[in-house]
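Student: one predicted model, sequence on top.
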Amino acid sequence: MKPEFKIISDLINKNSQVLDVGCGDGILMEFLIKEKKVNIRGIEISKSKVQNCIAKGLTIIEGNAEDDLKQFPNKSFDYVILSQTLQAFLNPEKVINELLRIGKQAIVTIPNFGYWKIGLHLLLKGTMPVTKTLPDEWYNTANIHLCTIKDFVNFSKTKNFKLSKSIALKSDQQSFITNFNLNIKNLSSNLGIFLIES
Amino acid sequence: MNVKENIKTITIDKPLKLDCGKTINNFPLAYETYGSLNEDKNNAILVFHALTGDQFVTGVNPVTNKDGWWSYAVGPGKSIDTEKYFVICANVIGGCMGSFGPSHQNPETKKIYGTDFPVITINDMVNAQVNLLDHFDIKKLFSVVGGSMGGMQVLQFVSNYPDKTKTAVPIACTSSHSAQNIAFNELGRQAIAADHKWQDGEYSSKNTIPDKGLAVARMAAHITYLSKKGLQEKFGRKLQERDDLKFGFDADFQIESYLRYQGSVFVDRFDANSYLYITRAMDYFDLVKQNNGNLSNAFKNTKAKFFIISFTSDWLYPTQENKDIVIALNAIGANVGFVEIKSDKGHDSFLLDVPDFLKALKNFLDKSFLEK
């Protein structure tokens, strides 16, 4: 289980309605059902992962977040989760807007391209960084819109959505991101976790 | 075709008002069951059959002596596990396997109904079959499951009886028959009517059957159940028991021979007038219109958990039409799962050995059964 799942769980109220966009094998869904007794649905594009979710008894809809979120009415979920997939969308801004339309709040996690090891890799080796959170080569990666924690914070200001909570994760150590430590957290963390309201 | 022996039948004495305006009563509904009802009576699954199906879902069909139409999916240890669930399936009204249909005798005229039989709808079929719940003293089914026209009955059942099932599995179906669907059905009906032996539907009193017309109807329909790729892979341009073309109109190609065979075996087991009536029922099916243009309204009173399944190569009821049902359910926050199964076997995929489909169906049912 990814260390961010515990942090996501802490952000969520018990018995709430949740949608996990790009839910993969449903590991986070199972965890949230156990920890928070949530009523949770998943959307997943991979047929084999959809099968794995069905085998776990999870409610899952095969689909693509870029096309299939529009079917949900406004504010039909308490939380909409997007875990480490924002960077894979053609139009991340549209997806964030959709998350905030269908969810009262959204939880978005991003692999931080500002992490110092990534910068150092690029600086010293001169090739696109390959890490644990970004395991693919440049030519086969789905991650077409990588960004840093700082980019995402700036993005939220430009587009006027409110980051209610911003959490940085380094391995399994978590800390809050503030205006004062933004540059440090941008360098020292490999993942950013944001609770967003419109 | 008269009512056969060895067919279980209940007589429905409660009058049933049909959509066409007529009322029927004291009519027979033929059914079969598999597995056993548990003490809590909460393990029953009502399976709805498709256009040419019948109540003999699995095992050997005692009338045709062939395997039941859904033998891949239903049986001990299978997707619909008869060691766990009590499976009920009825022959639809309008059908020809014992339920009230056009081959029955009109008690008033003492003549076979033929085309005097009232036009029935999917709604009528479902309203007839719900009587089986009372017959078995079942308050709430565990599931309603069906593919193609069976899926339409699933949708109609949940719409009509929102509290009578815990789960619903419509497979490879639609909420409203498309122009293309109606067109193919009309082709079949016209083929039957064009056979001079059809005699305006009164063929049985003249001791004949419109076998050529019914066979052509079946051949045309059969093509719509398969995919181009599936046909190409199975038959391609392979020749039928000959080394070269014969420059005539015999079945040179295997695909021709195959279709002719499909047509010829079909006329032995199916009634031409039933084919007219059931295809008409499918054409009239429009759950969207029934709900004033908003499909979501069909499901607004149900807490049933839905699982919708489509197939990539099904061009008769394509994925998008199945997805429209998912969208309508999501619009009202219903509990709905959806999966599109990759298969080259076309619309018929739901009847065949398609492991991903069978696995998904089994997992959905078995996991949902454990839920409170």
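Tutor: It's in.
Student: and the gap between the residue nearest to the spatial centre of chain B and residue B:345?
Tutor: The centroid of chain B falls nearest to residue B:50 when counting by Cα atoms, centre = their mean (1.0 Å). Between residue B:50 and residue B:345 the computed distance is 15 Å (Cβ to Cβ, to the nearest Å). Using the backbone N, CA and C atoms, a C-beta is placed for each residue, glycine as well.
Student: tell me which element the nearest residue to residue A:159 once chain neighbours are set aside is part of?
Tutor: Of all residues not flanking residue A:159 in the chain, residue A:93 sits nearest, at 6.6 Å (Cβ to Cβ, 6 or more residues apart in numbering or on different chains). In this assignment (DSSP states H and E), residue A:93 forms part of helix A:92-102.
Student: next, the buried residues of that helix.
Tutor: Within helix A:92-102, the residues that qualify as buried are A:92, A:95, A:96, A:97, A:98, A:99, A:100, A:101, A:102, counting by 16 or more other Cβ atoms under 10 Å in any protein chain shown.
Student: how about stretch A:62-71?
Tutor: Neighbour-count burial for stretch A:62-71 flags A:62, A:63, A:65, A:66, A:68, A:69, A:71 (criterion: 16+ other Cβ under 10 Å).
Student: name the element the fifth one belongs to?
Tutor: Secondary structure assigned from DSSP H and E places residue A:68 in helix A:65-68.
Student: give me the residues contacting that helix.
Tutor: For helix A:65-68, the external contacting residues (Cβ atoms under 8 Å, 6 or more residues apart in numbering or on different chains) are A:21-22, A:43, A:45, A:61, A:82, A:85, A:89-91, A:94-95, A:98.
Student: again with stretch A:32-50
Tutor: By Cβ under 8 Å, 6+ apart, the residues outside stretch A:32-50 that reach it are A:8-9, A:12-26, A:29, A:53, A:58-65, A:68-69, B:339-342, B:356.
Student: mind listing which of those are in strands?
Tutor: Residues of these located in strands (DSSP state E): A:17, A:18, A:19, A:20, A:21, A:59, A:60, A:61, A:62, B:339, B:340, B:341.
Student: and the helices in the stretch 51-200 of chain B?
Tutor: Remark: helices assigned in the stretch 51-200 of chain B by DSSP state H, counting those that start in this stretch are B:122-129, B:131-135, B:149-160, B:179-194.
Student: so which of those is nearest chain A?
Tutor: Across those, chain A has its closest neighbour in helix B:149-160 (16.5 Å, Cβ to the nearest Cβ).
Student: residues of the closest one that come out buried?
Tutor: By neighbour count on 16+ other Cβ under 10 Å, the buried set for helix B:149-160 is B:149, B:150, B:151, B:152, B:153, B:154, B:155, B:156, B:157, B:158, B:159.
Student: which residue packs closest to residue B:326, ignoring adjacent ones?
Tutor: In space, and not counting its chain neighbours, residue B:326 is closest to residue B:338: 4.5 Å by Cβ to Cβ, 6+ apart.
Student: so what's the residue count around the one you found?
Tutor: Applying other Cβ atoms under 10 Å in any protein chain shown, we find 25 residues neighbouring residue B:338.
Student: nearest to chain B, of the buried residues of helix A:92-102?
Tutor: Checking the buried residues of helix A:92-102 against chain B with Cβ to the nearest Cβ, the nearest one is residue A:102 at 9.7 Å.
Student: the closest one touches residue A:79, doesn't it?
Tutor: No - shown here, residue A:102 and residue A:79 do not form a contact pair, counting by Cβ atoms under 8 Å, at 10.4 Å.
Student: what is in contact with these two at once?
Tutor: Joint contacts of residue A:102 and residue A:79 (Cβ under 8 Å, 6+ apart) are residue A:19.
Student: follow-up on the earlier one: the residue nearest to residue B:326 is in contact with residue B:324, isn't it?
Tutor: No - judged on Cβ under 8 Å, residue B:338 makes no contact with residue B:324 at a distance of 10.9 Å.
Student: what does the helix holding residue A:93 contact?
Tutor: Contact with helix A:92-102 is made by A:19, A:21, A:65-66, A:69-70, A:72-77, A:80, A:82, A:86, A:89, A:106, A:108, A:145, A:155, A:159, A:161, A:196-198, as judged by Cβ under 8 Å, 6+ apart.
Student: one more pass at 7 Å, please.
Tutor: Residues outside helix A:92-102 that contact it (Cβ atoms under 7 Å, 6 or more residues apart in numbering or on different chains): A:65-66, A:69-70, A:72, A:74-77, A:80, A:82, A:86, A:89, A:106, A:145, A:159, A:161, A:196, A:198.
Student: cool, and stretch B:97-113?
Tutor: Outside stretch B:97-113, the residues that touch it by Cβ under 7 Å, 6+ apart are B:1, B:3-4, B:7, B:9, B:24, B:27-30, B:54-55, B:63, B:90-96, B:114, B:116-117, B:204-205, B:271, B:273-274, B:277.
Student: stretch A:11-31 too?
Tutor: Residues from elsewhere that reach stretch A:11-31 (Cβ under 7 Å, 6+ apart): A:1, A:5, A:8-9, A:32, A:36-44, A:49, A:52-53, A:56, A:58, A:60, A:65, A:77-83, A:85, A:103, A:107, A:165, A:195.
Student: residue A:142: which element?
Tutor: Short version, using DSSP H and E: residue A:142 is in no helix or strand.
Student: look up how far residue A:42 lies from it.
Tutor: Residue A:142 sits 18 Å away from residue A:42, taking Cβ to Cβ as the criterion.
Student: show me what the residue in the stretch 51-200 of chain B that chain A sits nearest to is bridged to.
Tutor: Distance from chain A to each residue of the stretch 51-200 of chain B (Cβ to the nearest Cβ) is smallest for residue B:167, at 11.2 Å. With beta bridges defined as DSSP bridges, residue B:167 has these partners: residue B:143, residue B:305.
Student: that one: neighbour count?
Tutor: Counted with other Cβ under 10 Å, the neighbours of residue B:167 add up to 21.
Student: surely it meets residue B:141?
Tutor: No - checked against Cβ atoms under 7 Å, the pair residue B:167 and residue B:141 is beyond contact range at 8.5 Å.
Student: where exactly do the helices run in chain A?
Tutor: A:4-11, A:27-36, A:47-55, A:65-68, A:92-102, A:116-125, A:149-158, A:182-188 (DSSP state H).
Student: of these, which is nearest residue B:71?
Tutor: Across these, residue B:71 has its closest neighbour in helix A:47-55 (22.5 Å, Cβ to Cβ).
Student: in that closest one, what's buried?
Tutor: Neighbour-count burial for helix A:47-55 flags A:47, A:49, A:50, A:51, A:52, A:53, A:54, A:55 (criterion: 16+ other Cβ under 10 Å).
Student: mind putting the residues you listed in JSON lines, pLDDT included?
Tutor: Converted to JSON lines, these look like this (pLDDT from 0 to 100):
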{"residue": "A:47", "pLDDT": "97"}
{"residue": "A:49", "pLDDT": "97"}
{"residue": "A:50", "pLDDT": "98"}
{"residue": "A:51", "pLDDT": "97"}
{"residue": "A:52", "pLDDT": "97"}
{"residue": "A:53", "pLDDT": "98"}
{"residue": "A:54", "pLDDT": "97"}
{"residue": "A:55", "pLDDT": "97"}
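Student: tell me the SS of residue B:32?
Tutor: Here residue B:32 is strand, with the state taken from DSSP: H, G, I helix; E, B strand; the rest coil.
Student: relative to residue B:72, how far out is it?
Tutor: From residue B:32 to residue B:72 the distance is 17 Å (Cβ to Cβ).
Student: same check on residue B:22?
Tutor: The gap separating residue B:22 from residue B:72 is 38 Å, by Cβ to Cβ.
Student: which one's more surrounded, those two?
Tutor: It is residue B:72, of residue B:22 and residue B:72, that has more neighbours when counted by other Cβ under 10 Å, with 19 against 13.
Student: isn't the more buried one right next to residue B:354, touching?
Tutor: No - checked against Cβ under 7 Å, the pair residue B:72 and residue B:354 is beyond contact range at 8.1 Å.
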